[in-house]
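Novice: quick one: sequence and predicted model below, then my questions.
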Amino acid sequence: MIVRKLRQIAGIASIREARLLPRPGRVLVENGQQVSANDIIAETLIGRQHILLDARDLLSLGEDSKKVKILCKEGQRVKAGEPLLQIGGVPPRTLRAPQDGRVLLTSGPQVLLEVAREPVNLEAGLGGRVTEVHEGWGAVIQAEGTVVEGLWGNGRFDTGTIFSVLEKPTDVLRPEDVDVSRRGNIVVGGHCQDANTLKAAKDSPVRGLILSSLNPDLIPLARRMPFPIMTTDGLGKRPMNSAAFKLLTTNDDNGATLFAQEFNRLRGHTPKVVIQIASLSGMEELEPARLLAPGDKVLMNLEPYAGAVGVIHRILSQRKRLPNGIRAYVAQVNLENGERAYVPLTNLELLP
Amino acid sequence: MPASVVDDVSILVLDIGNINTRAVLFDVVEGRYRFIAYADAPSTTTPPVRDLMVGARQAIKILQEKTGRTLLMDDDSLILPSTDGGQGVDQVAAVLSAGPLLKVAVAGLLEEVSVESARRLAEMLYAQVVDILHINDTRSVSEQLDSLAARKPDVIIVAGGTDGGASQALERLFEVIGLGGYLASPENRPTILYAGNQDLAAEAQQAFEAVAENVHLAPNIRPTLDHENLLPAANELARAWAGLQGRWLEGIEELITWTKGMILPTNFAQGRTVRLLGAIYDSPKGVMSVDLGSASVSLHAAYGRLWQSKTLPLGLGDSLMRALQRSSIERIQRWLTLDISADEVREYLYNKVFYPDHVPMSKETAAIEQAMAREVLWLGVQAFVRDMPATAISLHPRLLPLVEPIFAAGEVFTSAPTPGQALLTLLDGLQPVGVTTFVLDDNDLLAGLGVIGEVNALAAAQVLETAAFTNLATVIAPVGAARQGTPVLKITVQTEQGDETRMTIKQGGLEVISLAPGQRASVMIEPLRGMNAGFGPGRSHRITVNGSLLGLVIDARGRPLSLPEDPVRRRELMKKWLWALGG
């Protein structure tokens, strides 16, 4: 039975992160170069809007489009009001640029204009070494640090220093935990239950929130927050799993990058935090999936054992009928609370 | 080239899904093709393994253990073709539902004609329609371009114009699509399928080839206003499937080598088998299948030579949030037999998205997943009946037409704790009418035979005859207006052994008459009070019923099914229905 370890949770590991622009631009780093997390490694402009000017819209029925004269060139920057197309005749009619922009394409009687361009500066995100350059797009950064993958993310990204307010995995994050004293921190908290906590974090302002879980009612608000938010253990009231708790509560003041990308299993998108640490002794390789075996430490994620951690006692060779009647390949797991349970192998997540 | 029985060709079908990878073996036994064995293993398409062949090899290894036949060499390479010693297989084919949903933009002239057909074509694949362009689009061309640039469709289906009809409007549409392709970065260039006015096919090829990843040309999907012809265009897209999804799936090259490119979308292959069955039965009633998975629900029906296929991006795992957006926790909660709070239901479902492969461990979580399945099925039925062919016999505009049998695929049915739970989920979700038979596709044959039919039509036809499916139940569901508790149906069952059972069924009732697999019975159906059991209001009819896991089930609960508002009463009723089906 192959077991897919869904998440990587490792004390010290080598991490490779591809940092790419949303559209082609200019890469500012070279292979082998050392970068810090806030270094700009690539830049581009995003054309947020396109305007198609079509001379045929001005032509009368039967009028020949050959009368159209293009007055601009591809790539040319134009100012609002600048003439772009002219239709011959008396008097000649002219189509002008409605806004400042750049001519993307001229084709027959048409001019495609790109306007409202916004600069995008791509940060390295990690302090480390450039190991691969994707010309026009970005680079792969290799770094060493602690990595904790989460589940839910609000799609944002930032860097900051870690500060944990967690005392136990079941803690609830309160507004006073993210007051102005936490400005610039990526705060490790517990469960977030109410909107006031998120609002306080915004006012502070924090650089990010790492939560054990989030009240599902807060999802729309959390998505609107300007800083990254990641949950380690999902949605609803869930404690932080012990492996993440151990790592996230012992790294205060270390620099970290929170990639809170939205979870998409099929596209391989998982939110994660990478904490950069000074000492690199005891490096662990992030382990690929492997067969589960007795003695493995495992995490259970869904009811009735949501958040429970245990150790595999034995793996049964035949399918076993669960209490609800479903038959599945299972392991017998010794839970931390002393209970022993049969759990489907597919429900077990391997912990380091 | 079609093989014959004389060739004695063994066939391995690999079905690679988002959760499970299945290996199904077919071979010739006593001169005829037979289903030999089935095995499955967890799919390995997603991180950290990210190689679909790891899961495929694992499933083949389990198949080896089950059959005692060596299929892989020591280095895990496939023995292809088979050896004189009976090791390996001669042909491999694959079906693929793994990978993210394809983002499709559809473009045409008239919203209710060619655009509608293009949308139906997209719904034959695992796709999500992300943009719709047509000549009456209220957006400016500039806004359409911005939309295409933002949504980054993987595929653009361009339709419109009757063959030989006007071309100017279509040419303007080409310009928009062409500019849309131009604006995409080289990595995001869409594949474009042109299936419009055939007079403009060469022009479309020329307009798109510089700005598209690939250009496919297909016959017009709407050659005349009143005629739709989706199949050739669907075939074109199905054959391009491995290339389209290959961007996301590591290991696809080896699979292409094994299969010599014979890889189809799973839903397309299932639809192909249903169309084959529709042609074989050639009955005014349709043949239907439903497949409910983690990322999508697929429904197919064939009514003689007419058919319909629809796959919606609604599922029980990866697409669960999308399904929840179209429904509500309260709607799902009303299908529960157990008292589980809305917060608990919501929390379980929201987190199930992160763990779509997890097996429900408790009665409560199994009940939540079955409730969700009912809701997704019902959403599927509502979309399906909108596109029903005119020849389908419909007893109610919001309900399925007369269909028999209904094949059911998907773990929620085939691995249900009991046959009764599988059937009740299907009955509540699909709400079939008249007489129908439910068949479980627990050996993954619908998809397998669909792709086999491409390489070996004889094998597909012969395996279908062997009935390697599991008959779940025959259901009689009358339709009509009657008050709860009034008699609506008389049933007389005479088994081949001479046993006779008579029953009068009341409105609201759910009754079971046991008829084990292998048994047959003659059943006289006499509707009362103008009820319609599929033979006309008040019309009686005699049918022959084959035995099955649950036997004959009379579902007189009413159509559409109406549940009590009071949650306690509703749960009691749901429990009663479940007990009637054996729990």
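Specialist: The structure has been received and is ready for your questions. Small disclaimer: the values here were computed from a predicted structure and weren't measured.

Novice: contacts and neighbour counts: CA atoms only from here.
Specialist: OK.

Novice: and the helix or strand where B:Val493 lies, which residues are buried?
Specialist: Element membership for B:Val493, per DSSP states H and E: strand B:487-495. Neighbour counts over strand B:487-495 (16 or more other C-alpha atoms under 10 Å in any protein chain shown) mark B:Pro487, B:Val488, B:Leu489, B:Lys490, B:Ile491, B:Thr492, B:Val493, B:Gln494, B:Thr495 as buried.

Novice: take those and write them to CSV, including pLDDT and distance to A:Ala331.
Specialist: Shown next, in CSV, are those (pLDDT from 0 to 100; distance: C-alpha to C-alpha, whole Å):
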residue, pLDDT, distance to A:Ala331
B:Pro487, 97, 51
B:Val488, 97, 51
B:Leu489, 97, 50
B:Lys490, 97, 51
B:Ile491, 97, 48
B:Thr492, 97, 49
B:Val493, 97, 47
B:Gln494, 97, 48
B:Thr495, 95, 46
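
Novice: filter these by proximity to chain A?
Specialist: Applying C-alpha under 8 Å from any C-alpha of the partner chain, the subset of the buried residues of strand B:487-495 adjacent to chain A is empty.

Novice: returning to that earlier point: pairing partners for the strand holding B:Val493, with directions?
Specialist: With DSSP bridges as the test, strand B:487-495 is paired with strand B:500-506 (antiparallel), strand B:520-527 (antiparallel).

Novice: show me the domain layout of the chain.
Specialist: In the absence of a named chain, this looks at chain A. Per the record, chain A has its domains at A:9-39+A:124-275, A:46-118, A:297-350, by automatic domain parsing.

Novice: oops, wrong one, chain B.
Specialist: B:5-96, B:102-241, B:267-311+B:393-580.

Novice: contact partners for the most centrally placed residue in chain A?
Specialist: Nearest to the mean C-alpha position of chain A, counting by C-alpha atoms, centre = their mean, stands A:Gln261 at 1.9 Å. Taking C-alpha atoms under 8 Å, 6 or more residues apart in numbering or on different chains, we find A:Gln261 in contact with A:Gly153, A:Asn154, A:Gly155, A:Arg156, A:Phe157, A:His269, A:Thr270, A:Pro271, A:Lys272.

Novice: which members of those occur in helices, if any?
Specialist: Among the contacts of A:Gln261, no member falls in helices (criterion: DSSP state H).

Novice: could these go into a markdown table alongside distance to chain B?
Specialist: As requested, the contacts of A:Gln261 are arranged in a markdown table below (distance: C-alpha to the nearest C-alpha, whole Å):
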| residue | distance to chain B |
| --- | --- |
| A:Gly153 | 12 |
| A:Asn154 | 15 |
| A:Gly155 | 16 |
| A:Arg156 | 18 |
| A:Phe157 | 20 |
| A:His269 | 9 |
| A:Thr270 | 10 |
| A:Pro271 | 12 |
| A:Lys272 | 14 |
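
Novice: mind putting those in TSV, pLDDT included?
Specialist: Compiled in TSV, the contacts of A:Gln261 are given as follows (pLDDT from 0 to 100):
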residue	pLDDT
A:Gly153	97
A:Asn154	97
A:Gly155	95
A:Arg156	95
A:Phe157	92
A:His269	88
A:Thr270	89
A:Pro271	94
A:Lys272	93
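
Novice: so which residues on chain B come close to chain A?
Specialist: B:18, B:41-42, B:44-49, B:55, B:58, B:99-100, B:141-143, B:145-146, B:185, B:248, B:318, B:347-348, B:350-352, B:354-355, B:357-359, B:361-363, B:365-366, B:415-418.

Novice: can we see that at 7 Å?
Specialist: B:42, B:46-49, B:99-100, B:141-142, B:145-146, B:185, B:347, B:350-351, B:354, B:357-359, B:361-363, B:415-417 (C-alpha under 7 Å from any C-alpha of the partner chain).

Novice: now the buried members of those.
Specialist: Buried, going by 16+ other C-alpha under 10 Å: B:42, B:46-49, B:99-100, B:141-142, B:145-146, B:347, B:350-351, B:354, B:357-359, B:361-363, B:415-417, out of those.
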